[in-house]
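Chemist: Okay, predicted coordinates and the sequence, questions at the end:
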Amino acid sequence: MAEDRITRDAAFSLLSNRRRRQLLCVLARSGEARSLRAAAREIVGRLEGIDSTEITDEVYRSVYVSLYQTHAPQLAAEGIVDYDETERTVRLAHNRRTETLLRIVGIDPNGADTVDRRTALVLTGAVVVATLCGLFALFGAVWTVPWAALVAGLLAYRVRQYAGRDLPTPICDCGDLATSDDS
């Protein structure tokens, strides 16, 4: 893979199929190589709400065959996963292309849950304002109010500016496939 970045066409093509998106979710959740058998069972069980003992061979086989014949090879061809066809295992590749695709799906490639940037910005601004108010209180109330108003005004301007951007909504149909199972 010579290119470091994934093209929009390639990203849209890869994300156009639900089972490919689900495979990405399973791999992001596990963080390690998975057998296609285990991935197929997890996809069927979790997304269909079926207990692993209730999965029929027909449904399982349908998902497994599509992962084996189509989805894992396509993701590997684009450099998104490392696929061992002999062992029939797959894992996320550690590269910029994979990170970009995971972000589009709504998964933080570093393993943390995706946090709304606006919320993070507002919380950071609130901490800055509180800190400035506390520091300037040492110099007297005369400086505290103008500086707090200035910082709050700048923060409000940046939040409004950021919120006004036309940001795409992440494609996220991972359900609980991208979260850890505490049970």
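Modeler: Looks like it arrived, so ask away.

Chemist: Does Tyr83 belong to a helix, a strand or coil?
Modeler: The three-state label for Tyr83, taken from DSSP: H, G, I helix; E, B strand; the rest coil, comes out as strand.

Chemist: Report the separation between Val26 and Leu150.
Modeler: Using Cβ to Cβ, to the nearest Å, one obtains 48 Å as the distance from Val26 to Leu150. (C-beta placed from N, C-alpha, C; glycine too.)

Chemist: and these two? which has more neighbours close in?
Modeler: Applying other Cβ atoms under 10 Å to Val26 and Leu150 shows that Val26 carries more neighbours, namely 24 against 12.

Chemist: count of residues packed around Ile6?
Modeler: 23.

Chemist: where does it land in three-state SS?
Modeler: Using three-state DSSP as the criterion, the local structure at Ile6 reads coil.

Chemist: which residues touch it?
Modeler: Remark: with contacts taken as Cβ atoms under 8 Å, 6 or more residues apart in numbering, Ile6 is in contact with Glu78, Ile80, Arg97, Thr100, Leu101.

Chemist: Need the pLDDT of the nearest residue to the fourth one once chain neighbours are set aside.
Modeler: Computed as Cβ to Cβ, 6 or more residues apart in numbering, the closest residue to Thr100 that is not its neighbour in sequence is Ile6, at 5.3 Å. At Ile6 the predicted local confidence, pLDDT, stands at 87.

Chemist: what's near enough to touch Ile43?
Modeler: Counting by Cβ under 8 Å, 6+ apart, Ile43 makes contact with Arg19, Gln22, Leu23, Val26, Val63, Leu67, Leu177.

Chemist: now the fourth one: how far from Thr98?
Modeler: In other words, Val26. From Val26 across to Thr98, the span is 14 Å (Cβ to Cβ).

Chemist: Just the buried residues of stretch 77-85, please?
Modeler: Within stretch 77-85, the residues that qualify as buried by neighbour count (16 or more other Cβ atoms under 10 Å) are Glu78, Gly79, Ile80, Val81, Asp82, Tyr83.

Chemist: Is Pro73 in a helix, a strand, or coil?
Modeler: Classification of Pro73 by three-state DSSP places it in helix.

Chemist: hang on, it packs against Asp84?
Modeler: No: if you go by Cβ atoms under 8 Å, Pro73 and Asp84 don't touch, sitting 11.5 Å apart.

Chemist: helix or strand right after the helix or strand Arg19 falls within?
Modeler: Assignment of secondary structure by DSSP states H and E places Arg19 within helix 18-30. Per DSSP H and E, the first helix or strand lying C-terminal to helix 18-30 is strand 34-35.

Chemist: Output whichever helix or strand comes after that following strand as PDB, nothing but the C-alphas.
Modeler: Going down the chain from strand 34-35, the next helix or strand is helix 36-47, by DSSP H and E. Below are the C-alpha coordinates for helix 36-47, written out as PDB (Å, rounded to 0.1, in the frame of the first residue of the first chain):
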ATOM      1  CA  LEU A  36     -13.100 -15.500  11.300                       C
ATOM      2  CA  ARG A  37     -15.200 -18.100  13.100                       C
ATOM      3  CA  ALA A  38     -15.200 -16.200  16.400                       C
ATOM      4  CA  ALA A  39     -15.800 -12.900  14.600                       C
ATOM      5  CA  ALA A  40     -18.800 -14.400  12.700                       C
ATOM      6  CA  ARG A  41     -20.300 -15.800  15.900                       C
ATOM      7  CA  GLU A  42     -19.900 -12.500  17.700                       C
ATOM      8  CA  ILE A  43     -21.400 -10.500  14.800                       C
ATOM      9  CA  VAL A  44     -24.400 -12.900  14.600                       C
ATOM     10  CA  GLY A  45     -24.900 -13.200  18.300                       C
ATOM     11  CA  ARG A  46     -24.600  -9.600  19.400                       C
ATOM     12  CA  LEU A  47     -26.300  -7.800  16.500                       C
END
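
Chemist: Sweet, I'm off.
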